[in-house]
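Colleague: next comes the sequence, and after it the predicted model I'd like to discuss.
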Amino acid sequence: MGLVVLLMALTALPASAWDEPGVPQPTPMHDAHPDPDPDADPDADPLAGLALPDLATDPGSALEDLASGGRAPGPALAPGAPAAAGGPPSEALPPAVANPRMFHGLAFDTCMTPSLDTMRRWRSSKYGAVGVYYGGRGRACPHQPRLGHRWMKEVQRLGWRVLPVYVGSQSPCVVAGVKKTYRIGRHAWRQGAQEGRAAVRRARAVGIRAGSPLYLDMEAYKYRQKKCARTTLTFVRGWDRQVRGKGYVPGFYSSADSGVAHMRAAARAGARDLPSVIWFARWHTRPRLAREPVLRGSAWSSRRRIHQYAGNVKERHGGRTLVIDRNLVHAPVARIR
C-alpha cells in the first residue's frame, strides 16, 4: 500500500527477499512523506471555493464514536456542522454495519497474497491481521493466483483477521507516476459509484460478507489543488455511498498529510458520505492511534483508525520471509463466510 506505490523490479531485491516458494512477490515502494505542492499556499483552506452543494443533505457517514460493544448509532454530520433545513432525516445503518467485527492489534500488508503455508508459519509472529489487496484496477499486484474464497476461509480458520483493500481509480493529482494511468475521469461521482459496486461484487466473490470493511486505497495526491480535491472527494463520496448502502463499512487509506488531511478538512466542512474508518500512513514514527496530529479532535475515534507506521521492511517468521508494511489497528475486519 503506502503513498507512492511502484512495482519493484525483482532484480532490484536480494534473493533472500523472495523466500516463499511459488509466485514471485513484487512489493510496492512507498514515500510516506511526499513533498508538498510547491505552488500551494500553506495557509489556504483546502476546501475553500469547492462546489459541494449537498454537504449536509445526503445520508451521512456514521462518524460518531463507536459505543461500548462496537455499535455506531447511525449517520451524522461532522462535529459542529449545521444540519440543512429540509434535508432528509438520518437513515439507520444496517445492523451488520452498525456492529462490525473489531480487531485491536498489529497487522501487516504485502503486495502479493502469501501462500497458505506462509500464513500458517507466520502465526508465530506478533501479527494478528493481514491486509489483502482483493480488488481494483490500480493494484500494484493485479494478478493474485492464490487469492480466493478458499484462501479467505483458511486464513480465518488459522486465526487471522483480514483487512480487505480495494485499489481503484486514483486522484487526478496523484503523486506517483505509475498511478497516473488510473486517474479519476470526468464523471467522478458516477465513477466512484460504479467502482463501489464493483468493490462489493468482488468482495462477495471471495467470501467477504456484508458487515465487513472495504478500505479504499487512495495514494498520495496534491489535495491543495482545488479542482483535484473536488474531483477526488466526489469520487470517494460516491464510492462510500455505494459500499455503505450495500451493507459494508467504507474505509479510506492514504497518507496522513495528503488524503487523510483532505478527509479531515471535508469532515470539518460538513461533507456527508465520508469514510467510517481511517487508515493513515505516517512512517518513521512509533505506532500510535490517538496522537496523530492530522486527526487531533477528529470525528474518527481511535477505535476506528489504522496507523501504517513502517513500510517495505523484510521480516522472517517460521522460515518464510516477506516484504511488508506494518500497521497498528483498532478497526473493523472482514466477516468471512
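Modeller: Cool, got the structure. The shown structure was predicted, so the numbers you read here are calculated from the model rather than taken from an experiment.
Colleague: now the stretch 51-200 of the chain, which segments are flagged as low pLDDT?
Modeller: Applying pLDDT under 70 to the stretch 51-200 of the chain flags residues 51-97.
Colleague: any chance you could map the strands in it?
Modeller: Using DSSP state E, counting those that start in this stretch, the strands found in the stretch 51-200 of the chain span residues 102-109, 129-135, 161-166.
Colleague: contacts for the shortest one next, please.
Modeller: Going back to what we said before, that points to strand 161-166. 1, 101, 103, 107, 109, 128-136, 152, 155-156, 195, 199, 202-203, 208, 212-217, 253, 279, 306, 327, 329, 331, 333-334, 336 (Cβ atoms under 8 Å, 6 or more residues apart in numbering). All C-beta atoms are positioned from the backbone trio N, CA, C, and that covers glycine.
Colleague: ok so, going back, and of the strands of the stretch 51-200 of the chain, who's closest to Arg224?
Modeller: Among the strands of the stretch 51-200 of the chain, the nearest to Arg224 by Cβ to Cβ is strand 161-166 (25.4 Å).
Colleague: what pairs with that closest one, parallel or antiparallel?
Modeller: Looking at strand 161-166 with DSSP bridges, its partner strands are strand 129-135 (parallel), strand 213-217 (parallel).
Colleague: tell me the angle that strand makes with strand 102-109.
Modeller: Following axes from the mean of the first three to the mean of the last three Cα atoms, to 10 degrees, one obtains 60 degrees for the angle between strand 161-166 and strand 102-109.
Colleague: roughly how far is strand 161-166 from the heart of the chain?
Modeller: Offset of strand 161-166 from its chain centre (Cα atoms, centre = their mean, to the nearest Å): 9 Å.
Colleague: same question for stretch 186-202.
Modeller: Relative to its parent chain, stretch 186-202 has a centroid offset of 15 Å by Cα atoms, centre = their mean.
Colleague: name the residues that touch it?
Modeller: Stretch 186-202 is contacted from outside by 134-136, 166, 168-169, 184-185, 214, 216, 231-232, 234-243, 246, 248, 250, using Cβ under 8 Å, 6+ apart.
Colleague: buried set for that stretch?
Modeller: For stretch 186-202, the neighbour count (16 or more other Cβ atoms under 10 Å) marks Ala188, Gln191, Gly192, Ala193, Gln194, Glu195, Gly196, Ala198, Ala199, Val200, Arg202 as buried.
Colleague: between the residues you listed, which sits nearest Lys226?
Modeller: For the buried residues of stretch 186-202, the nearest to Lys226 is Ala188 (13.9 Å; Cβ to Cβ).
Colleague: and that closest one, how far from Gly207?
Modeller: 30 Å (Cβ to Cβ, to the nearest Å).
Colleague: repeat for Tyr215
Modeller: For Tyr215, the distance to Gly207 - Cβ to Cβ - is 17 Å.
Colleague: using PDB, write down the CA coordinates of the helix or strand hosting His307.
Modeller: Secondary structure from DSSP states H and E places His307 in strand 305-317. Taking C-alpha atoms only, strand 305-317 is exported to PDB below (Å, rounded to 0.1, in the frame of the first residue of the first chain):
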ATOM      1  CA  ARG A 305      -8.200   4.000  12.900                       C
ATOM      2  CA  ILE A 306      -5.300   2.100  11.500                       C
ATOM      3  CA  HIS A 307      -1.800   3.500  11.600                       C
ATOM      4  CA  GLN A 308       0.700   2.300   8.900                       C
ATOM      5  CA  TYR A 309       3.900   3.200  10.700                       C
ATOM      6  CA  ALA A 310       6.600   1.400   8.600                       C
ATOM      7  CA  GLY A 311       6.800   0.100   5.100                       C
ATOM      8  CA  ASN A 312       8.900  -2.000   2.700                       C
ATOM      9  CA  VAL A 313      10.500  -3.900   5.600                       C
ATOM     10  CA  LYS A 314      11.700  -7.500   5.400                       C
ATOM     11  CA  GLU A 315      10.600  -9.900   8.200                       C
ATOM     12  CA  ARG A 316      11.100 -13.600   8.600                       C
ATOM     13  CA  HIS A 317       8.900 -15.900  10.600                       C
END
